[in-house]
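Visitor: Provide a 3D model corresponding to the input given below.
(chains A and B)
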Amino acid sequence: MPPHPGRVTIDGMPEAATAPLVEPRPPRKLYRSSDGRWLGGVARGLAGHLGLPVIWVRLVFVGLFMADGLGALLYAAFWFFVPLGVGGVGGQRSPSLVSTETSPDGRRRLVARRPDKGQIVALLLMVVVAMVFVGNVNVGNGAKAYLWPVVLVGAGVALVWRQADNARRARWVEVGRRRRTLTLLRAAGGVLLVTAGVSGVFVLQGSAAHLGSVLQAALAVLVGITLLAGPYLVRMTQDLSEERLMRIRAQERAEVAAHVHDSVLHTLTLIQRNAENANEVRRLARAQERDLRTWLYKPEGTGKDEADEPTDLADAVRRNAAEVEDKHGVPIEVVVVGDCPLDERTGAQMQAAREAMVNAAKYGGEGGAVQVYAEVEGRTVFVSVRDRGPGFDFDSIPADRMGVRESIIGRMERHGGTARLRAVPGGGTEVELEMERAEKTS
Amino acid sequence: MSDPTEANTDPVEPTQAGGAGERHVRVVLVDDHRMFRTGVQAEIGRTEETGVEVVGEAADVDQAVTVITATRPEVVLLDVHLPGGGGVEVLRRCAPLMADAERPVRFLALSVSDAAEDVIGVIRGGARGYVTKTITGTDLVDSVFRVQEGDAVFSPRLAGFVLDAFASTDAPPVDEDMDRLTQREREVLRLIARGYAYKEIAKQLFISVKTVESHVSAVLRKLQLSNRHELTRWATARRLV
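Guide: Model (predicted):
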C-alpha cells in the first residue's frame, strides 16, 4: 500500500499519545522506606539507595549517635526532609508481602501493607535503649533534670511524625479499613507524651510561676516565625497545588489522546480503507459513535466494558442492541427507563427482544432506525421493538418459519410473559414484550 | 416593534404561500462547528422548500447573544456545548427575550450529546425541546415549526429521561401531585420514547395532535419546575446537578 498522507499523523500518534502513560523509569531518588522500617524508614531507604545492607546503615547511625548524638540529629534531618516512598532493601522480608504498582495518578504506591505491631515494638525498644544510653552517658550533669521530659517529648514527636507518614501511606493504598480508632489512639498518645514532657520541663524546673511569661515569649517567637516564614509557605503551597493541577491536566490529556488514538483514529483508518463500502463505513461509524459516547458521557468515564455477562436489564438491552446494530448495520435507538437485575424470566425476555431486534433490523431496517424501548415499572418489565419497514402480516408467515413464532412468542409464553405483534399506524411493525419479574429469592 | 428586522418578516409570509404552505420561520444557528452549521443550513435553509430562513449564525456564547438580540429570530437552534459557558449560558442571558410576550425567542437544543445532564440542564434553562444531531432534515424542520408554535419537542431519549425522573417520584405525598405527570402525559411520553411521531401518538390514543402537543408542553413545564425536592434528589443521585 502506498504511503497515505493521513498515515503520518496516525502513525505519529502512538508515541505522543501513550508515552506519558507508560511509567517512566523512576529516577534514582532517595526515599524513606515505608516497608520494614523501624522508626522513620531512613536507614532502610538509605540502604536501598546506596545498595548496602540495612544493618550497616543502622550501625553507622548508632555509631554516630555515640558521637554526641550526631546520629540522632542526622536521622531526624533525614526523617524531616526525605519523602516517604517505597524502596529500601527487601532482602529480609518476604517480597510477596510488599510490592509496588503504579496508581492511576502515576505515583508509585504500596499494594500490600504489613501490620505495624513490630514497628511499634521496635520504636518503644529504641526509645528505651536511647533512654538508658543517655541516662548512662550524661549522669551527673545538671541536664539530668531535663532528661525524662526530653525523652518523652522525643517519643511523642516521633510517634506523631510516624503518624503523619502512615496517613500519607494510607492515602496511597486507600485502605478504608476500620483503623481509625488506632490512628486516633496513636495521635493522642503522641500528643500526650509531648504534653507530659513539656510540662515535665516546667515542673522539674520549678518555674511554674513563670509559666505565663514563658508562654507569652513562646507565642511571640511563634508569631515572629510565622511572619517570617509565612509568605514562603504560602508560595510553596500555591506552587505545589498548581503543579499538581498541571500534572492532573497532563494526565487527563494523555488519557484522552490515548483513547482517541486507540479507537477513533483506528476507526477512521478503517473507514478510509473501506470508503467504497457504504454499509461497512456506516457500521464502523455507528459502533465508534456508541463507543465514544459511552466513554464521554458515562459517569465513570472509563468506557471500558467489563466484558462479562450483563447482570442488569438496562445493560442487557443496550448490549443486545449494540450487537445487533453492529451485525446488521442498522441503527438502533435505545431508551431504557428504570432498571432491575436480570433473572431467568427477564433473561428470556431479553433473548426474545434480541430476536425482535434482529427481525426489525433485517426486514424493517431500510425505513430508518429501529427503536427499542424498555421500561421497568414495579414488577413488570416492558420491552418494545419497532421498525418503520414495510410491516408484515403475521398470518401470511409460513408455519415453518420459526423466528417470530418460536423465538419471540413461544419463548415469552413459556416463561409466563406475553408477546404482541402489531402494525404501527404509519407503517412498520412493533413487537411488545411484557413479563413479570420472578419473585425475589431473598 | 421598532426592530429593523421586523420589516422583512411580516411581508414574507404571504409570498411564501407557494412553496412550504404558509409556514415561515426565522432561525438562528448556534454551534461552534462551522461545518455543522453549513450542513444544517444546507439541509433546512432552502427557504422556498422548507419555510425555514436562517437569519444568523453564531459560534460562541457572546456571539450568540449578540446575534439573537440583533435579529430576534423566532427559533434558535442551540448547541449544548459551546465555548464561553455552553448553551445554558446563552439561555440564561437570553431569558428576557424568551419571556417577551409578543415576540418570544424560542430555543431548540440540538446537540450531539444525549447525556442526561446536558438534556436536563438546557430544559431547565428554558429550551423548548431537545433533539440530537442524528435527526433527519425533515424532522428537524418539523421540530423547528413545532417549537415556533410554542410546543415542546421531545426526542425519544429525552422522553425516557423524563419518565425515569418522574417514575422515582411516584410514592411521595399527595400535595406534590401538581408536579407529577398525569396518566395521560405519561402515556404520551411513553409513546414518544418508543419512537412514535406526534401524529402516530394521536392516532394511537384517539386524541388530536394538538392535544398530544399540549400534553408534551405540560410535561416540559413540569420539568422546569424541577426544583422540587424529589427531582433534585433524583438529579443529585445521578450527579446531574
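Visitor: Helix or strand next in line after the helix or strand where B:R157 lies, which one?
Guide: Using DSSP states H and E, B:R157 sits within helix B:156-167. Scanning forward in sequence from helix B:156-167 by DSSP H and E, the next helix or strand is helix B:183-193.
Visitor: Provide the partner residues of B:S111 in its beta bridges.
Guide: With DSSP bridges as the criterion, B:S111 is bridged to B:T132.
Visitor: I'd guessed it sits against B:T132; true?
Guide: Yes - the pair B:S111 / B:T132 is scored as a contact, 6.3 Å apart, by Cβ atoms under 8 Å. No exception for glycine: its C-beta is placed from N, CA and C like everyone else's.
Visitor: Who has more neighbours out of these two?
Guide: B:S111 (23 against 17; other Cβ atoms under 10 Å in any protein chain shown).
Visitor: Let me know the pLDDT of the more buried one.
Guide: At B:S111, the predicted lDDT confidence score is 82.
Visitor: In contact with it, which residues?
Guide: Contacts here follow Cβ atoms under 8 Å, 6 or more residues apart in numbering or on different chains; on that basis B:S111 touches B:79-81, B:87, B:118, B:122, B:130, B:132-133.
Visitor: Can you show me the strands along chain B?
Guide: B:25-30, B:52-58, B:75-78, B:106-111, B:129-132, B:153-154 (DSSP state E).
Visitor: Could you report the pLDDT at the residue in chain B that chain A sits nearest to?
Guide: In chain B, the residue that lies nearest chain A is B:G195 (3.0 Å; Cβ to the nearest Cβ). pLDDT recorded at B:G195 is 84.
Visitor: Next, count neighbours for it.
Guide: Neighbours of B:G195 using other Cβ under 10 Å come to 26.
Visitor: With A:V337 instead?
Guide: Using other Cβ under 10 Å, the number of residues around A:V337 comes to 23.
Visitor: What ranges in the stretch 251-400 of chain A fall below the confidence cut-off?
Guide: Per-residue confidence for the stretch 251-400 of chain A (pLDDT under 70) gives these ranges: A:298-309, A:365, A:392-400.
Visitor: now the closest residue to chain B within it, which residues is it bridged with?
Guide: Nearest to chain B, among the residues of the stretch 251-400 of chain A, is A:Q371, at 3.0 Å (Cβ to the nearest Cβ). Counting by DSSP bridges, A:Q371 forms beta bridges with A:E333, A:R386.
Visitor: I figured it was touching B:P156, is that so?
Guide: Yes - contact criterion Cβ under 8 Å: A:Q371 and B:P156 qualify, at 6.3 Å.
Visitor: got any residues that touch both of these two?
Guide: What both A:Q371 and B:P156 touch, as defined by Cβ under 8 Å, 6+ apart, is the set A:333, A:335, B:194-195.
Visitor: So of those, which two are at opposite extremes in space?
Guide: A:E333 and B:R194 (10.1 Å; Cβ to Cβ).
Visitor: Which one's more surrounded, the two?
Guide: Each of A:E333 and B:R194 has its neighbours counted (other Cβ under 10 Å); B:R194 has more, 26 against 21.
Visitor: hang on, the earlier thing: quick check, nearest of the shared contacts of A:Q371 and B:P156 to B:A70?
Guide: Checking the shared contacts of A:Q371 and B:P156 against B:A70 with Cβ to Cβ, the nearest one is A:E333 at 37.2 Å.
Visitor: Which residues are in contact with that closest one?
Guide: A:369-372, B:156-157, B:195.
Visitor: Just say helix, strand or coil for the closest residue to A:H49 other than its chain neighbours.
Guide: Nearest residue to A:H49, sequence neighbours excluded (Cβ to Cβ, 6 or more residues apart in numbering or on different chains): A:L30, at 4.9 Å. Assigned by DSSP: H, G, I helix; E, B strand; the rest coil, the conformation of A:L30 is coil.
Visitor: Could you report the neighbour count for A:L30?
Guide: Every residue meeting other Cβ under 10 Å relative to A:L30 is counted, giving 16.
Visitor: which ones are touching it?
Guide: A:45-46, A:49, A:82.
Visitor: Next: A:V160.
Guide: Neighbouring residues of A:V160 by Cβ under 8 Å, 6+ apart: A:187, A:190-191, A:194.
Visitor: Any stretches of chain B with poor pLDDT?
Guide: B:1-22, B:167-179, B:224-241.
Visitor: Now do the residue nearest to A:H49 against B:D118, distance only.
Guide: 49 Å (Cβ to Cβ, to the nearest Å).
Visitor: And the shared contacts of A:Q371 and B:P156, which is closest to A:A217?
Guide: For those, the nearest to A:A217 is A:V335 (73.4 Å; Cβ to Cβ).
Visitor: Just the element for the closest one, please.
Guide: Secondary structure (DSSP H and E) places A:V335 in strand A:332-337.
Visitor: Dump that strand to CSV, keeping only the CA atoms.
Guide: Extracted in CSV, the C-alpha atoms of strand A:332-337 (Å, rounded to 0.1, in the frame of the first residue of the first chain):
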residue,chain,number,x,y,z
ILE,A,332,-30.9,1.0,16.8
GLU,A,333,-32.0,3.7,19.2
VAL,A,334,-32.4,2.5,22.7
VAL,A,335,-34.4,4.1,25.5
VAL,A,336,-34.4,2.5,28.9
VAL,A,337,-36.5,3.7,31.8
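Visitor: now that strand against helix B:156-167, angle please.
Guide: Angle between the axes of strand A:332-337 and helix B:156-167 is 10 degrees (criterion: axes from the mean of the first three to the mean of the last three Cα atoms, to 10 degrees).
Visitor: Count residues in the vicinity of the nearest residue to B:A193 once chain neighbours are set aside, would you?
Guide: Leaving out its chain neighbours, the residue that sits closest to B:A193 by Cβ to Cβ, 6+ apart is B:A159, at 4.0 Å. With neighbours defined by other Cβ under 10 Å, the count for B:A159 comes to 26.
Visitor: For B:A159, give me its contacts.
Guide: A:335, B:189-190, B:192-193.
Visitor: Mind doing that once more with 10 Å?
Guide: A:335, A:337, A:373, B:130, B:186, B:188-196, B:216, B:219 (Cβ atoms under 10 Å, 6 or more residues apart in numbering or on different chains).
Visitor: Which members of those residues define the maximum pairwise distance?
Guide: B:Y130 and B:R186, at 18.5 Å, using Cβ to Cβ across the contacts of B:A159.
Visitor: Looking at the two, which one has more neighbours?
Guide: Here B:Y130 and B:R186 are compared on neighbour count by other Cβ under 10 Å; more neighbours surround B:Y130, at 28 against 19.
Visitor: quick one: the strands in chain A?
Guide: A:32-33, A:84-85, A:100-102, A:108-110, A:332-337, A:370-377, A:380-386, A:418-423, A:429-436.
Visitor: and among those, the most buried is which?
Guide: strand A:32-33 (a mean of 26; mean count of other Cβ atoms under 10 Å in any protein chain shown).
Visitor: Need the residue closest to the centroid of chain B.
Guide: Closest to where the C-alpha atoms of chain B average out (Cα atoms, centre = their mean) is B:G129, at 2.2 Å.
Visitor: and that residue, what is it in contact with?
Guide: B:75, B:106-110, B:122-123, B:143-144, B:146-147, B:151-155, B:158, B:216-217, B:220.
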